[in-house]
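>>> Predicted coordinates and the sequence they were generated for:
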Amino acid sequence: MKNAQSWTVSDIPEQTGKRVLITGANSGIGYQAARVLARKGAQVVLACRDLQRAERAATAIRAEIPAADVEIAIVDLASLASVRAFARAELARQRPLHVLVNNAGVMAPRRRRTTADGFELQFGVNALGHFALTALLFPAIEQAAAQASEPPRIVTVASIAHKGGRLAFDDLQSKRSYSPMAAYRQSKLADLVFALALARRLSTAHSPIMSIAAHPGVANTNLFRGSDRPAVERAARGMVGRLIGLFFNSDYAGALPTLFAATSDAAISGGYYGPRGLMEMRGERVGSARVARRACDVAAGDRLIEVCEKLTGVSLPV
């Protein structure tokens, strides 16, 4: 067994026969993870909200890897109706899901925006959308658990920003006051709290399914640049993004912790992995990442799941 810090992409075992669904797979970390897993033989589902971008990503992967088994699924995590419709269609096909990567995200829109269901956009997409998707796809993951020799994995992409986050249970939707980064930090803390709480529940239920979290460090992706900002600010952030690419992580390097969590036999359920260089902000060495104390709060984890179930109307099966 490879330990985390000596792990490289070359250590990823053959993935033929595995079905992997990655949200936000048309760009950035999700796209890079999809490329690598397709090259390793997995059937990769690019779960995206924009059909044209998804098609461009699928075309690029097939051009690079002619034998790639890639399909497109349209799901908008900012709409619970879209998530439910996608899950219904997916389950109707009665196919096992071996790896679910909750990767898509929204980062720090300048003004408070809401989802189709009225949730603050970042909490709604990053936390609630992925919670609902995970819960609704659970039968397909359990099908994989019953049929496969290896345990299925639910990988949730968090962030080092979680360390500054706080779950404001009295104002999760940032209605009283909205700070772009505070809302982002809260949503990523929620992602990590959920991943750890889910791992505890799976363990208690003696389920072979694994819940694992990862973070990319500081990576130059579309998430960083943002699309709701003025052209001048987007240009400035693009320049900063290029500096991030030089001094911190590329989107490829940022995808390595996700790939480790999704494939390595050294990854454990309840683990949290990220880059090991420069205060966990960069590097291609992957290792256990630092977890803020509040992310390990068992009562907060249980409360978060209860709140997510109430807000989404979707019950977690464990």
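Noted; the coordinates are in hand. What you are looking at is a predicted structure, and each value in this text was computed from that prediction instead of being measured.

>>> Could you check the pLDDT of residue 2?
Reported pLDDT at residue 2 in the predicted model: 58.

>>> Repeat that for the one 10 residues further on.
Per-residue confidence at residue 12 stands at 95 (pLDDT).

>>> thought it was touching residue 38?
No - Residue 12 is beyond contact range of residue 38, at 11.6 Å (criterion: Cβ atoms under 8 Å). (Glycine included, C-beta is placed from N, CA and C.)

>>> These two - which one has more neighbours?
The neighbour count for residue 12 versus residue 38, taken as other Cβ atoms under 10 Å, is higher for residue 38 (23 against 19).

>>> Specify the local secondary structure of residue 310.
The local conformation at residue 310, judged by DSSP: H, G, I helix; E, B strand; the rest coil, is helix.

>>> Pull the number of nearby residues for it.
By other Cβ under 10 Å, neighbour count at residue 310 equals 10.

>>> Then the one 5 residues further on?
Residue 315 is surrounded by 13 other residues when neighbours are defined as other Cβ under 10 Å.

>>> how close does it sit to residue 308?
10 Å (Cβ to Cβ, to the nearest Å).

>>> my guess is residue 201 is in a strand, correct?
No - applying three-state DSSP, one finds residue 201 to be helix, outside a strand.

>>> quick one: contacts for the closest residue to it other than its chain neighbours?
Computed as Cβ to Cβ, 6 or more residues apart in numbering, the closest residue to residue 201 that is not its neighbour in sequence is residue 318, at 4.4 Å. The neighbours of residue 318, taking Cβ atoms under 8 Å, 6 or more residues apart in numbering as the test, are 138, 198, 201-202, 204-205, 207.

>>> List the backbone torsions phi and psi for residue 46.
Main-chain torsions, residue 46, degrees, to the nearest 10: phi -90, psi 100.

>>> That one touches residue 58, doesn't it?
Yes - using Cβ under 8 Å, residue 46 is in contact with residue 58, at 5.9 Å.

>>> For those two, indicate the residue with more neighbours.
residue 46 (25 against 21).

>>> Just grab the bridge partners of the more buried one for me.
Beta-bridge pairing of residue 46 under DSSP bridges involves residue 22, residue 72.

>>> Show me the shaky parts of the stretch 151-300 of the chain.
In the predicted model of the stretch 151-300 of the chain, residues 219-249, 277-284 satisfy pLDDT under 70.

>>> where exactly do the strands run in it?
Under the criterion DSSP state E, counting those that start in this stretch, strands of the stretch 151-300 of the chain are mapped to 153-157, 210-214, 272-277, 282-288.

>>> Indicate which one of the ones you listed is closest to residue 21.
strand 153-157 (10.3 Å; Cβ to Cβ).

>>> Can you tell me which helices and strands that closest one packs against?
With contacts taken as 3 or more Cβ pairs under 8 Å, 6 or more residues apart in numbering; DSSP states H and E, strand 153-157 sits against strand 99-102, helix 180-204, strand 210-214, helix 251-263.

>>> Can I get these in TSV including mean neighbour count?
Listed next are the helices and strands packed on strand 153-157 as TSV, based on neighbours: other Cβ atoms under 10 Å:
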stretch	mean neighbour count
strand 99-102	29
helix 180-204	23
strand 210-214	28
helix 251-263	27
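
>>> That concludes my questions; thank you for your assistance.
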